[in-house]
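Engineer: heads up, no residue letters with this:
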């Protein structure tokens, strides 16, 4: 736990302004992005402080898979069912504003605005899917 980390505080329900969405895993939390890039834009975050996506190792694959599963579930709970029109990924350092692992879940990807299409461009120098 890092008390200076916004996502650590959100995950521990210490940020009353951020509503957590139902999540089927106790080690993950999900909430709406404060600067949405699409009509549906959620962040899935491990409760335990983890570094950015550059720090991921093979043993983290199950966590990342669960994060993606949570992303799909939250979209479906919000009446979005076209999972072919979804973008999920991580900002690649140094382009992440918070150095706590967080998966961006955006939908419909076909409705990303001009700037969001750049910021969340598939497998770009700054965003990996």
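Structural biologist: That came through, no problem. Note that this is a predicted model, so its numbers are computed, not measured.
Engineer: measure residue 117 to residue 23 for me?
Structural biologist: In this structure, residue 117 and residue 23 are separated by 28 Å, where distance is defined by CB to CB, to the nearest Å. All C-beta spots, glycine's among them, are computed from the backbone N, C-alpha and C.
Engineer: nope, residue 35 is what I was after
Structural biologist: When distances are taken as CB to CB, residue 35 and residue 23 turn out to be 21 Å apart.
Engineer: Please identify which of the two sits among more neighbours.
Structural biologist: The neighbour comparison of residue 35 against residue 23 (other CB atoms under 10 Å) goes to residue 23, with 18 against 8.
Engineer: burial measure for residue 16, as a count.
Structural biologist: 6.
Engineer: Show me what the helix ranked longest in the chain is packed against.
Structural biologist: Counting residues, the longest helix in the chain under DSSP state H turns out to be helix 61-77. Applying 3 or more CB pairs under 8 Å, 6 or more residues apart in numbering; DSSP states H and E, one finds that helix 61-77 contacts strand 28-32, strand 40-46, strand 103-107.
Engineer: so what's the backbone phi/psi at residue 6?
Structural biologist: The main-chain torsion angles of residue 6 are listed as degrees, to the nearest 10 and equal phi -60, psi -40.
Engineer: how about it, what does it touch?
Structural biologist: 15, 98, 100 (CB atoms under 8 Å, 6 or more residues apart in numbering).
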